[in-house]
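Enquirer: sequence and predicted structure below; questions after.
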Amino acid sequence: MGDQNQLLYLQKFSPPLVGAILEIGSKDYGSTVPFRKHLRHTEYVGLDMAAGNGVDVVGDLSKGLCGLPEEYYSLVICCSVLEHVQQPWEMAANIARLTKPGGFLYMSVPWVWRYHAYPDDFFRFSWRGIETLFPGFSWSDKYYSTTVTGEFIEISEKSRDADNRMAELLDLGDGRSRKYLPYFMVNMMGAKTPVLP
């Protein structure tokens with residue numbers, strides 16, 4: 001499950017797929033966008049830590065593969081989940097194990113966001129942080145998204161300060177001002193590098 005911008009990103013940047021889709025954090029809370037409904041595919045597996053609508057497998061990927069087949073999924077979707085994981089490096093390693101060589105990973109994580117516990121809230125990730133957690137992937141189509149539907153800002157080596165340029169200053173009076181960044185999600189599509197024989 002995700003938000004409208006995550007769905008728009010998926011619709012624009014998802015590669016043509018042959019094979020299964022795994023969605024991590026798939027439980028429908030009623031206020032989220034159900035990706036499964038929009039990504040019609042022959043094999044779609046929803047994984048979440050709690051049972052509910054949209055969940056096929058209940059489990060915690062930071063503790064293991066949850067009975068899922070290794071190197072099987074052509075597309076793994078992980079939106080707004082990694083910040084809630086106490087050991088995201090463990091989960092990242094398991095996500096990489098589940099993605100088939102040449103398969104894709106859509107990662108969407110908060111960069112600037114309020115604290116939101118489910119069951120707790122531990123981390124914020126830069127795009128460089130995601131690249132570091134998933135060294136076996138080559139990353140493309142990197143964008144910030146905001147809370148405005150359809151608002152995307154490209155992330156690139158040439159525009160490393162794209163988030164900072166979106167900042168606004170609030171005049172506090174007496175010559176003082178405070179800088180505010182809008183809410184930002186980092187959205188990236190990674191391709192798992194096939195292992196050469």
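Expert: Received, thanks.

Enquirer: ok, now how distant is L7 from C78?
Expert: L7 is 14 Å from C78, where distance means CB to CB, to the nearest Å. (Glycine included, C-beta is placed from N, CA and C.)

Enquirer: meant to ask about P182
Expert: 23 Å.

Enquirer: when these two are compared, which one has more neighbours?
Expert: A direct count of neighbours by other CB atoms under 10 Å for P182 and C78 places C78 higher, at 22 against 15.

Enquirer: what bridges to that one?
Expert: Under DSSP bridges, the beta-bridge partners of C78 are I24, M107.

Enquirer: wait, it touches A96, no?
Expert: No: the pair C78 / A96 is not scored as a contact, 11.2 Å apart, by CB atoms under 8 Å.

Enquirer: quickly list what's touching both of those two.
Expert: Common neighbours of C78 and A96, counting by CB atoms under 8 Å, 6 or more residues apart in numbering, are L105.

Enquirer: convert stretch 107-115 to PDB, retaining C-alpha atoms only.
Expert: Output of stretch 107-115 as PDB, limited to C-alpha atoms (Å, rounded to 0.1, in the frame of the first residue of the first chain):
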ATOM      1  CA  MET A 107      12.000   1.700  -3.000                       C
ATOM      2  CA  SER A 108      10.200   4.700  -1.500                       C
ATOM      3  CA  VAL A 109      11.300   6.000   1.900                       C
ATOM      4  CA  PRO A 110      10.900   9.200   3.800                       C
ATOM      5  CA  TRP A 111      13.700  11.800   3.700                       C
ATOM      6  CA  VAL A 112      11.900  14.600   5.500                       C
ATOM      7  CA  TRP A 113       8.800  13.500   7.500                       C
ATOM      8  CA  ARG A 114       7.300  13.600  10.900                       C
ATOM      9  CA  TYR A 115       7.600  10.900  13.400                       C
END
